[in-house]
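Enquirer: Based on what follows, work out the 3D shape:
(one chain, ligands or ions: 2)
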Amino acid sequence: MKTREITVTVNGRKRTVTVEVRRTLADFLREDLGLTATHLGCEHGVCGACTVVVDGHTERSCTQLAVQADGREITTVEGLAGPDGELHPVQQALRDNHSFQCGFCTPGFVMSIYGMCEEKKAGRSVPCSRAAIREELSGNICRCTGYQSIVDGAEAALAGAGSDTGKDA
Ligand code: FES
Ligand code: FES
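Expert: Numbering: from 1, shown residues only. Ligands and ions are numbered 1, 2, ... in the order given. Predicted coordinates:
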């Protein structure tokens, strides 16, 4: 088994780990670091359940290797809650809007919406209309809700994220 040492910052904590070169980032997070809130659905880049934020951008963790994350900064859904467990504003907005049912897709949606909010807070133009939110979230699949409540939650999260520099698409 071929391995390589990598250094990644995950949820603010720097870690140097020896990892199998064929290990996906998703398996690395879940199995090596024990961060099992990043879910695996399709495992080939379609469902979005494995979405994490890498260097400020949302990415699939099932379609890249852990070694590709060497030197990068990763945020998983475990990294969002406050020190006393208080929900991140994105999580709170989704909760307030009863966005999810079974919860399997939740971490991926949360990270996609969190990524949009971070882009908005950074002053970049983020589409905020409902149609644009649907388009932005089209890479995340939910089997339960019909998406209406997810868009409601995303809309609320974006409304609360920083300045109103976002522009409707
Ligand atoms: S598990 Fe990665 S996109 Fe579905
Ligand atoms: S809430 Fe069940 S898959 Fe989305």
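Enquirer: what is R13 paired to in the beta sheet?
Expert: V10 (DSSP bridges).
Enquirer: roughly how far apart are it and P127?
Expert: 33 Å (Cβ to Cβ, to the nearest Å). All C-beta spots, glycine's among them, are computed from the backbone N, C-alpha and C.
Enquirer: what does E78 give?
Expert: Distance, E78 to P127, using Cβ to Cβ: 28 Å.
Enquirer: The residue most central in space within the chain: which element?
Expert: The centroid of the chain falls nearest to M111 when counting by Cα atoms, centre = their mean (2.2 Å). For M111, the host element (DSSP states H and E) is helix 106-121.
Enquirer: Let me know whether that helix sits next to ligand 1.
Expert: No - using Cβ under 6 Å from any ligand atom, helix 106-121 stays clear of ligand 1, with a minimum separation of 7.6 Å.
Enquirer: so who does D152 touch?
Expert: 97, 99 (Cβ atoms under 8 Å, 6 or more residues apart in numbering).
Enquirer: Ok, the one 3 residues further on next?
Expert: Shown in contact with E155 (Cβ under 8 Å, 6+ apart): 128, 130, 133.
Enquirer: Need the buried ones from the residues you listed selected in PyMOL.
Expert: In PyMOL, a selection of the buried entries from these looks like this (16 or more other Cβ atoms under 10 Å):
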select buried, resi 128+133
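Enquirer: Within reach of ligand 1, which of the contacts of E155 are there?
Expert: Okay, of the contacts of E155, nothing touches ligand 1 (Cβ under 6 Å from any ligand atom).
Enquirer: Closest one to ligand 2 out of the contacts of E155, please.
Expert: I133 (15.9 Å; Cβ to the nearest ligand atom).
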